[in-house]
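Asks: pasting the structure only:
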């Protein structure tokens, strides 16, 4: 008999990563579950019922034989009540401490195979947030692109691969998560690179378009890809893979409106069209590796990556002319990410809140259109 009342996100992360026999039930309302959730979880919309002191649909819930049940809510309080109710029915259930707010920091990894290239690419996926970052390894030297989880995660992953992180890159100033780049550079002694711009207020190495960054026997070419932000850059690895930031995703494109009025949003949208036309003209076999996923990232160790040719087929709007594209994108601007103005302010200042960042960062990724 399991006598635990709660588990933390690190434990659940390990269980899911190791194939532990567990079923996660999410008791939040359906619309909140659909916005973001734990991969493989089951939505049992009992939140309002529990507030009314009723089990609601939990009265009919029965887990598969032998499975440990973990109950999830927003911040880990209502899930305790739900777990107690299930326990009264003889179902072993425990609550996820901190709920989805804490789950925002969970992560998993996948290796990205590249044909005819010796660089090792580890995709680090912040599964609850959809953030994708990368550890690139070549001849004992490593580069990290867009770090979004704790700096020690990358240092430990590099140590496991017997390499040293020497450079840290950001594709742009992020709006949906706090950058861990400065912390990682301080931890490892690596040089921190950012696209040249006048937004930030801390020391870093500015990158010009066309500049080449070398590590081991590999090279990354900085390509200016304005649109999502004016400073946005993508990084081309040995002509084989493009780290496209928030410019081009596997089935969508970056939004051009954050921290912009209507006029600037339209200017950015037109810049994004020109950027995407340039990318579309590249070798269709180049592997696209974006900075985000709009869906929870499974614990399946399968990389989120696709050849450029396939991405072009997945995003029909890439075939629009400038006027069509601008009209299309302006008509589909989604809701703003939660707390994005505060996150941008912190990232521009090179600051990181002393308190737990989960409340500031919690919520679905909303950088794509």
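Replies: Alright, I've got the coordinates. Please read these numbers as outputs of a predicted model, since none were measured by experiment.

Asks: Now do the closest residue to residue 296 other than its chain neighbours, the pLDDT please.
Replies: Of all residues not flanking residue 296 in the chain, residue 39 sits nearest, at 4.4 Å (C-beta to C-beta, 6 or more residues apart in numbering). Every C-beta, even on glycine, is put in place using the N, C-alpha and C of the backbone. As predicted, residue 39 sits at a pLDDT of 91.

Asks: residues near residue 39, how many?
Replies: Counted with other C-beta atoms under 10 Å, the neighbours of residue 39 add up to 17.

Asks: Go ahead and confirm it touches residue 130.
Replies: No: Residue 39 is beyond contact range of residue 130, at 10.8 Å (criterion: C-beta atoms under 8 Å).

Asks: Give me the common contacts of the two.
Replies: Residues within reach of residue 39 and of residue 130 at once, by C-beta atoms under 8 Å, 6 or more residues apart in numbering, are 296-297.

Asks: ok, and the closest non-adjacent residue to residue 111?
Replies: residue 122 (5.9 Å).

Asks: tally of neighbours for that neighbour?
Replies: Counted with other C-beta under 10 Å, the neighbours of residue 122 add up to 21.

Asks: What helix or strand is the closest residue to residue 307 other than its chain neighbours located in?
Replies: Excluding the flanking residues, the one nearest residue 307 by C-beta to C-beta, 6+ apart is residue 285, at 5.6 Å. Residue 285 belongs to no helix or strand when assigned by DSSP states H and E.

Asks: Can you tell me how far residue 285 is from residue 211?
Replies: Shown here: residue 285 relative to residue 211, a distance of 24 Å by C-beta to C-beta, to the nearest Å.

Asks: Tell me which of the two has more neighbours.
Replies: Legend: neighbour count by other C-beta under 10 Å for residue 285 and residue 211, higher for residue 211 (16 against 11).

Asks: I figured that one hits residue 222, correct?
Replies: Yes: under the criterion of C-beta under 8 Å, residue 211 makes contact with residue 222 at 4.7 Å.

Asks: Local confidence estimate at the most centrally placed residue in the chain?
Replies: For the chain, the residue nearest the mean C-alpha position is residue 131 (0.7 Å; C-alpha atoms, centre = their mean). In the predicted model, residue 131 carries a pLDDT score of 92.

Asks: how does this protein divide up, domain by domain?
Replies: Domain assignment for the chain by automatic domain parsing gives 6-103, 108-361.

Asks: And for the helix or strand encompassing residue 121, what's in contact with it?
Replies: Element membership of residue 121 [criterion: DSSP H and E] is strand 120-126. With C-beta under 8 Å, 6+ apart as the contact definition, strand 120-126 has outside contacts at 104-112, 114, 131-138, 147-149, 153-154, 157, 161, 177, 237, 241, 289, 293, 297, 303-305.

Asks: on that earlier part again, ok, which of the domains of the chain comes nearest residue 367?
Replies: Residue 367 sits nearest to domain 108-361 of all those, at 4.9 Å, using C-beta to C-beta.

Asks: Following the chain onward from the lengthiest helix in the chain, which element is next?
Replies: For the chain, the longest helix by residue count, based on DSSP state H, is helix 262-280. Scanning forward in sequence from helix 262-280 by DSSP H and E, the next helix or strand is strand 287-290.

Asks: residue contacts, residue 95?
Replies: Residue 95 makes contact with 5-7, 70-73, 76, 79-80, 82-83 under the criterion C-beta under 8 Å, 6+ apart.

Asks: Any regions of this protein where pLDDT drops low?
Replies: Where the chain drops to pLDDT under 70, the residues are 1-4, 354-355.

Asks: Can you show me the helices along it?
Replies: Remark: helices assigned in the chain by DSSP H are 9-17, 30-35, 47-51, 78-88, 99-103, 151-160, 181-188, 262-280, 308-314, 322-330, 340-349, 358-361.

Asks: need the contact list for the residue nearest to residue 296.
Replies: If a contact means C-beta under 8 Å, 6+ apart, then residue 39 has 16, 127, 296-299 as its contacts.

Asks: Residue 187 is in contact with residue 152, correct?
Replies: Yes: Residue 152 lies in contact with residue 187 (C-beta under 8 Å); the separation is 7.1 Å.

Asks: the more surrounded of the two?
Replies: residue 187 (16 against 12).

Asks: Find the nearest non-adjacent residue to the more buried one, please.
Replies: Of all residues not flanking residue 187 in the chain, residue 151 sits nearest, at 4.7 Å (C-beta to C-beta, 6+ apart).

Asks: residue contacts, the one you found?
Replies: Contacts of residue 151 by C-beta under 8 Å, 6+ apart are 180, 183-184, 186-188.

Asks: Kindly report the same for residue 346.
Replies: 178, 352-353.

Asks: got a winner among these for most neighbours?
Replies: In terms of neighbour count, residue 178 stands highest of the contacts of residue 346 at 19 neighbours, by other C-beta under 10 Å.
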